[in-house]
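> Everything below, folded, please.
(one chain, ligands or ions: 2)
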Amino acid sequence: MLSDTHISPHSLSMRVTGPGESLVPTDVVISPPEPGWVLVRIMATGVCYADIATASGKSASPDHPVTPGHEVAGVIETLGDGVTGWRVGDRVAVGWFGGSCGHCRWCRSGRPVHCPDRKIPGISYPGGWSERITVPADALARIADGMEFFTAAPMGCAGVTTFNAVRHAGTPNGGRIAIFGIGGLGHLAIQFASRMGYETIAIARGAEREPLARSLGAHHYVDSDAMDPGEALQALGGADQIISTASTTKPVPGLWSGLNPYGRITLLGVDGGEVPVPVAQLVTKAQAICGHRTGSPVEIEEAMNFAAVNGVTPWVERLPLADVNEAVTRLREGHARFRIVLEPGVTGD
Ligand SMILES: [Zn+2]
Ligand SMILES: [Zn+2]
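Ligands and ions are numbered 1, 2, ... in the order given. Modelled structure (predicted):
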């Protein structure tokens, strides 16, 4: 039984009612959380490329209507039965990982993001473009002390993805990491790589991005319009890891020649395309190409703690939740720099 009688049983949620349709504000009645789940009042909620696929019905979307959104930061409002370790009022983040079975091989080995029964906010249940969200308690990450909600929200997806991509690559201390792309993922990857002590090379199109890349912490900048990025990396001594954050795989073949022996290319962007692999080079130089995808709640906490201690900050543009259609349009058309984060409870134009 709910003792929190002051809680509104309603939530303004942005919903897509059919494939290709716009998001419409909908007043949704919120049921008390099931056992093991919690109700979170959302303070900040990010907009990610994957949400666009969810909204358009291109990903493994549930039946419409759907409420996308998987970069949530907020405050626990109600605990379902049996939830331990969390209290009403705790500041929490929820990312692409939205809960898992807890007993499969992947869950028991601390890699629940690969659980076959893993849930994803916005796909498995209504997501975060809303005033409130109900999630399994095992999806919760505790927000680092002093971190703003608008900083915490992108950490659940873009933040933990880039953090893990850098730290799990095994690049030795003193090594060199190149990051292709300076967008929502790339601007975080540059910060994480440089704060972890790696010599960091930013690669992007056009000379005008150089001051930006350097302000994020890059030690070198390669304008891929003006020079061959593989040759430019060679001239800098070669990269021990190359992280491609672009939403297209087209630039990847041009990066291989800049990879050092034992180096790895890590792909974060997905476009459904294919990458030709130079097998002779891969074999003779003991190189690798791999993907990297999101992280668990514990890893989100580690990303937030690292960010708080080392001054990694998502560059965020705030918009009212009511302006979500504008946010989606700008992201889709490539006019959104870095990360757009929506604010519930703020009236749009
Ligand atoms: Zn995402
Ligand atoms: Zn599992």
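> Counting neighbours, show which residues of stretch 273-284 come out buried.
Within stretch 273-284, no residue qualifies as buried by neighbour count (16 or more other Cβ atoms under 10 Å). Backbone N, C-alpha and C define where each C-beta goes, glycine included.
> from the middle of its chain, how far away would it be?
Here stretch 273-284 is found 27 Å from its chain centre; the criterion is Cα atoms, centre = their mean, to the nearest Å.
> Can you give me the end-to-end span of it?
26 Å (Cα to Cα, to the nearest Å).
> The residue of the stretch 151-300 of the chain found nearest ligand 2: what's it in contact with?
When scored by Cβ to the ion, the stretch 151-300 of the chain has S296 as its residue closest to ligand 2, at 11.2 Å. Counting by Cβ atoms under 8 Å, 6 or more residues apart in numbering, S296 touches 97, 110-113.
> Check the gap between the nearest residue in space to it that is not next to it in sequence and L259 for me.
Closest residue to S296 apart from its sequence neighbours, by Cβ to Cβ, 6 or more residues apart in numbering: P112 at 5.3 Å. To L259, P112 is 31 Å away according to Cβ to Cβ, to the nearest Å.
> Which of those two has more residues huddled nearby?
Neighbour totals were compared for P112 and L259, and L259 leads with 26 against 23 (other Cβ atoms under 10 Å).
> rewinding a little: these two touch, right, the residue nearest to S296 and R105?
No. P112 is beyond contact range of R105, at 10.5 Å (criterion: Cβ atoms under 8 Å).
> Top of the contacts of S296 by number of neighbours, please.
F97 leads these on contacts (other Cβ under 10 Å) with 27 neighbours.
> What pLDDT does the model give the closest residue to that residue other than its chain neighbours?
Spatial nearest neighbour of F97, excluding adjacent residues (Cβ to Cβ, 6+ apart): V113 at 5.2 Å. Here the pLDDT value assigned to V113 is 94.
> surely V113 meets G95?
No. Look at V113 against G95 with Cβ under 8 Å: they stay out of range, at 9.5 Å.
> Which neighbours do these two have in common?
In contact with both V113 and G95: 294-295, using Cβ under 8 Å, 6+ apart.
> so how far is ligand 1 from the residue of the stretch 151-300 of the chain closest to ligand 2?
Taking Cβ to the ion, to the nearest Å as the measure, S296 falls 15 Å from ligand 1.
> Locate the residue lying closest to Y198 once chain neighbours are set aside within the secondary structure: which element?
The shortest distance from Y198 to any non-neighbouring residue, by Cβ to Cβ, 6+ apart, is to I177 (4.5 Å). Element membership for I177, per DSSP states H and E: strand 176-180.
> How far does stretch 72-89 sit from its chain's centre?
22 Å.
> Just the residues contacting that stretch, thanks.
2, 4, 7, 32-46, 90-95, 121, 127-128, 132-133, 135, 137, 140, 143, 149-150, 152-153, 156.
> In strands, which of those fall?
Among the contacts of stretch 72-89, DSSP state E puts 37-46, 91-94, 132-133, 135 in strands.
> Please name the residues that touch G110.
G110 sits next to 296, 298 when contact means Cβ under 8 Å, 6+ apart.
> any idea how far ligand 2 is from it?
Per Cβ to the ion, G110 is found 11 Å from ligand 2.
> could you give me the average pLDDT of the strand holding I177?
98.
> same for that strand, what does it pack against?
For strand 176-180, the helices and strands in contact under the criterion 3 or more Cβ pairs under 8 Å, 6 or more residues apart in numbering; DSSP states H and E are helix 186-195, strand 199-204, strand 239-244.
> what's next to the strand or helix carrying L212, contact-wise?
Take DSSP H and E as the rule and L212 turns out to sit in helix 210-216. For helix 210-216, the surrounding residues in contact (Cβ under 8 Å, 6+ apart) are 182, 187, 190-191, 194, 202, 204, 221, 223.
> Show me which residues of stretch 211-231 are buried.
Neighbour-count burial for stretch 211-231 flags 212-214, 216-224, 229-230 (criterion: 16+ other Cβ under 10 Å).
> for stretch 140-155, that is, sorry about that
With burial defined by 16+ other Cβ under 10 Å, the residues of stretch 140-155 counted as buried are 140-144, 147, 149-155.
> Okay, helices next: where are they in the protein?
49-56, 105-108, 149-152, 158-167, 186-195, 210-216, 229-235, 279-284, 297-310, 324-332 (DSSP state H).
> what about the first one and ligand 1, any contact?
Spelled out, it's helix 49-56. Yes. Using Cβ under 5 Å from the ion, we find that helix 49-56 touches ligand 1 at A50.
> Spit out the contact partners of I177.
Counting by Cβ under 8 Å, 6+ apart, I177 has contacts 166, 169, 171, 193, 198-201, 239-243.
> hey, what's it bridged with?
T200, Q241 (DSSP bridges).
> Tell me how far it lies from Q191.
12 Å.
> still on that earlier bit, quick check on the residue of the stretch 151-300 of the chain closest to ligand 2: phi, psi?
phi -80, psi 170 (degrees, to the nearest 10).
> Could you count how many residues lie near the nearest residue to H335 once chain neighbours are set aside?
Closest residue in space to H335, ignoring its immediate chain neighbours: T329 at 8.0 Å, by Cβ to Cβ, 6+ apart. T329 is flanked by 13 other residues according to other Cβ under 10 Å.
> Many thanks, have a good one.
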